[in-house]
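> Fold the following, please.
(one chain, ligands or ions: 1)
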Amino acid sequence: MSSSNSASGDIDIDKEKLPTHVAIIMDGNGRWAQKHLFKRVRGHEKGAETVRTIIRTSRSIGIPILTLYAFSTENWQRPKHEVMALMSLLKKFLISECQEMVDNNIRLNVIGQVEKLPKDVQETISETKAATAGNNNLLLNLALSYGSRAEIVESVQRIAAKVKNGDIDVEAITPDLISDHLYTGGMADPDLLIRTSGEMRISNFLLWQIAYSEIYVTETLWPDFSKEEYLEILKSYRNRERRFGKVPLQGK
Ligand code: FPP
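Down below sits the predicted model:
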């Protein structure tokens, strides 16, 4: 039995064939600004509008988990004024979207070294998380001050501490146990990873979690990334055969 959600007008697709978890490397804000002779910050502002569109679209078509790479551990090295502008944009965004998230049953989660963010941003995150805690339609993971190697190191440290305390045996360290100790513990791994603006890089994003993800790179700069292109990518994902290292299914 198939459950089509074409009634929403968004996409004619079997819900069963939608990815459970979409992760996106949102790249190209700076190049978009340069192309339009704007300051870089204007590119981030336009990028925030795209974030809103992609969250709404994911929610309306029934994607269960969306993870957006909004600020990496490396991004702290950008000029101070750009870092501050990104932080203030993020805070404004969370404040302005909170009610919509509540109304649309979207839960906010943050992955990354949250403690490194400015205190006022941390407070806004806590408030938004609390306001959306009971929601279960779309889980929105914002990766903030996120680096995958740091995440893996933290996970290994926590596991090593448990071994040291005698809480678990060395033999209990399995891929599932490692997954459970990542920031994304308990979540399905991304089925689909999208990167905008054409770079063929992973940029320290979800290194463990994307072991079997389908990867889609588009040349489109993030501020120009549209609902229509997102839906096209989801349709093309539907037609990919995922084998997880095995041979194609017999009879296919
Ligand atoms: C890459 O563009 C994007 C970022 C560093 C951060 C992404 C931020 C946003 C989309 C806006 C705010 C986010 C939220 C969640 C409201 P870039 O500056 O690296 O572009 P470039 O490679 O063209 O210079």
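
> Quick check: phi and psi at the nearest residue to K35 once chain neighbours are set aside.
The shortest distance from K35 to any non-neighbouring residue, by Cβ to Cβ, 6 or more residues apart in numbering, is to L221 (7.5 Å). C-beta coordinates here come from the backbone N, C-alpha and C atoms, glycine included. Phi and psi for L221, reported as degrees, to the nearest 10, are phi -80, psi 140.

> Give me the residues contacting stretch 221-228.
Outside of stretch 221-228, the residues within contact range by Cβ atoms under 8 Å, 6 or more residues apart in numbering are 10, 26-29, 31-32, 35, 43, 46-47, 49-50, 53-54, 56-57, 196-197, 218, 220.

> Do me a favour and get the end-to-end distance for that stretch?
14 Å (Cα to Cα, to the nearest Å).

> Find me the pLDDT at the residue of the chain found nearest the ligand, would you?
For the chain, the nearest residue to the ligand under the criterion Cβ to the nearest ligand atom is G30, separated by 2.4 Å. In this model, G30 is scored at 98, pLDDT.

> Make sure it is indeed in a strand.
No: G30 is assigned helix when assessed by DSSP: H, G, I helix; E, B strand; the rest coil, not a strand.

> nearest spatial neighbour of it, skipping sequence neighbours?
R40 is the one closest to G30 (Cβ to Cβ, 6+ apart), at 4.8 Å.

> how about the strands of the stretch 51-200 of the chain, start to end?
Taking DSSP state E, counting those that start in this stretch as the test, the strands found in the stretch 51-200 of the chain are 65-72, 106-111, 138-146, 192-195.

> what would these look like in CSV with mean pLDDT?
Formatted as CSV, those follow (pLDDT from 0 to 100):
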stretch, mean pLDDT
strand 65-72, 98
strand 106-111, 98
strand 138-146, 98
strand 192-195, 98
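
> Using CSV, lay out those together with mean neighbour count and distance to the ligand.
Listed next are those as CSV, based on neighbours: other Cβ atoms under 10 Å; distance: least, Cβ to the nearest ligand atom, whole Å:
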stretch, mean neighbour count, distance to the ligand
strand 65-72, 23, 4
strand 106-111, 21, 10
strand 138-146, 24, 6
strand 192-195, 23, 10
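
> out of those, nearest to T128?
strand 106-111 (4.9 Å; Cβ to Cβ).

> who's in contact with that closest one?
Here strand 106-111 has contacts from 55, 59, 67, 94, 100-101, 125, 128-129, 132-144, 146, 151, 183-184, using Cβ under 8 Å, 6+ apart.
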